[in-house]
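[1] Any chance you could fold what I've pasted below:
(one chain, ligands or ions: 1)
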Amino acid sequence: MYSKLLIDFQTKFMQIKKFYGFIFSIALVAFLAISSFNSGSSTASTNPIDSSSSSRLITQASPGEFTLPPLPYAYDALDAYIDSQTMTLHHDKHHAGYVKNLNEAIAPYPDLQGLSIEELLRDLDNVPEEISATVRNNGGGHANHSMFWSIMTPDSPGQPTGEIAEAINTTFGDFESFKEKFNTAGKKRFGSGWAWLVMNEDGTLEVTSTGNQGSPLSEGQYPIMGNDVWEHAYYLKYQNNRGDYLDAWWNVINWDEVNNRLTTAKSWFE
Ligand code: MN
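    Numbers count the residues shown, from 1 in each chain. You can find the predicted model right below:
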């Protein structure tokens, strides 16, 4: 009786061992295949700066070729505050257009290729006069919108967290005072532009605003977070009520990513 049970057990054990051995081999082969694929593609990267922080510094597929980053959530994910049609047109048409125009403008200038979009905007003085306005508008549009998608999420805690929460309290008194100051900057921007929380070179934080697709990077500042106040960002849902859109926007902020950008801002000025 016991010996039969023992034999049954041993047979089962051998079957299980074979089965898991087989699964392990498959997993090992898959792992090796993926590893070699990744190491092959990373050696093709030409931009040394963004290899370690691709979410913060925007990568280029090849020198001189900027790419439209995919939305990190579904088009309808922020629907309660920003409708999916706005998100679709804004990302797929407006942002895609900036990327296309930027690539066309810098194509004849090998010296500019291989720079990150942040470097390009920081040193606009180095950009040839004939494409300077195009790079300011479309390069700014690319950087601003890449930041914009990344700092939003359907899973916002609603309040700042971590280091940025402390920095906001220290600089502006409290979160409500900061929001009011930021929203006022957005409301007072005549025409199209952005409201910003930026870091200055001396490490202080400041609420600012730029017109059109102006980037704080071109003003010697690092953009920690910004809201798009162009009508294309809100008109379908909010019509002329820019203030309602500015109020609603705080419900979709990804404070983890804002904290990442605060860290990047510090290293930007080192
Ligand atoms: Mn926009």
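[2] these two touch, right, residue 148 and residue 230?
    No - Residue 148 is beyond contact range of residue 230, at 10.7 Å (criterion: Cβ atoms under 8 Å). Where you see a C-beta, it was placed from the backbone N, CA and C, and this is true even at glycine.
[3] Residue 195 falls within a helix, correct?
    No - using DSSP: H, G, I helix; E, B strand; the rest coil, the secondary structure at residue 195 is strand, not a helix.
[4] tell me the contacts of the residue nearest to it when sequence neighbours are not counted?
    Distances taken as Cβ to Cβ, 6 or more residues apart in numbering place residue 186 nearest to residue 195, at 3.6 Å, with adjacent residues excluded. Taking Cβ atoms under 8 Å, 6 or more residues apart in numbering, we find residue 186 in contact with 194, 195, 209, 227, 229, 242, 246.
[5] mind checking which helix or strand the residue lying closest to residue 222 once chain neighbours are set aside is in?
    Spatially, and ignoring its direct neighbours in sequence, residue 222 is nearest to residue 265 (3.9 Å; Cβ to Cβ, 6+ apart). Using DSSP states H and E, residue 265 sits in helix 255-268.
[6] sorry, back to before: quick one: which of the contacts of residue 186 is most hemmed in?
    Tallying neighbours with other Cβ atoms under 10 Å puts residue 194 at the head of the contacts of residue 186, with 27 neighbours.
[7] doesn't residue 207 make contact with that residue?
    No - using Cβ under 8 Å, residue 194 is not in contact with residue 207, being 11.4 Å away.
[8] residue contacts, the residue nearest to residue 222?
    Going by Cβ under 8 Å, 6+ apart, residue 265 touches 199, 222, 224.
[9] wait, does the helix or strand that contains the last one contact the ion?
    Assignment of secondary structure by DSSP H and E places residue 224 within strand 222-228. Yes - counting by Cβ under 5 Å from the ion, the ion has neighbours in strand 222-228: residue 228.
[10] Show me how far the next helix or strand after that strand is from its chain's centre.
    The helix or strand immediately downstream of strand 222-228 is helix 235-238, counting by DSSP H and E. With Cα atoms, centre = their mean, to the nearest Å as the basis, helix 235-238 stands 23 Å off its chain's centre.
[11] measure the closest residue to the ion within the stretch 51-200 of the chain to residue 86 for me?
    Closest residue of the stretch 51-200 of the chain to the ion, Cβ to the ion: residue 94 (5.2 Å). Counting by Cβ to Cβ, to the nearest Å, the gap from residue 94 to residue 86 is 10 Å.
[12] what residues are shared contacts of the two?
    In contact with both residue 94 and residue 86: residue 232, using Cβ under 8 Å, 6+ apart.
[13] For the two, work out which one has more neighbours and name it.
    Each of residue 94 and residue 86 has its neighbours counted (other Cβ under 10 Å); residue 86 has more, 20 against 15.
[14] Show the average pLDDT along the helix or strand that one falls within.
    When elements are assigned from DSSP H and E, residue 86 belongs to helix 84-89. Taken as a whole, helix 84-89 carries a mean pLDDT of 98.
[15] Could you list every helix and strand in contact with that helix?
    Judged by 3 or more Cβ pairs under 8 Å, 6 or more residues apart in numbering; DSSP states H and E, helix 84-89 is in contact with helix 235-238.
[16] Quickly list what the closest residue to the ion within the chain is bridged to.
    Closest approach between the chain and the ion, counting by Cβ to the ion: residue 228, at 4.2 Å. Beta-bridge pairing for residue 228 (DSSP bridges): residue 194.
[17] does it really touch residue 147, like I thought?
    No - Residue 228 lies out of contact with residue 147 (Cβ under 8 Å); the separation is 9.7 Å.
[18] Okay, now stretch 132-150: how far is its last residue from its first?
    End-to-end distance for stretch 132-150: 26 Å, by Cα to Cα, to the nearest Å.
[19] do stretch 209-217 as well
    12 Å.
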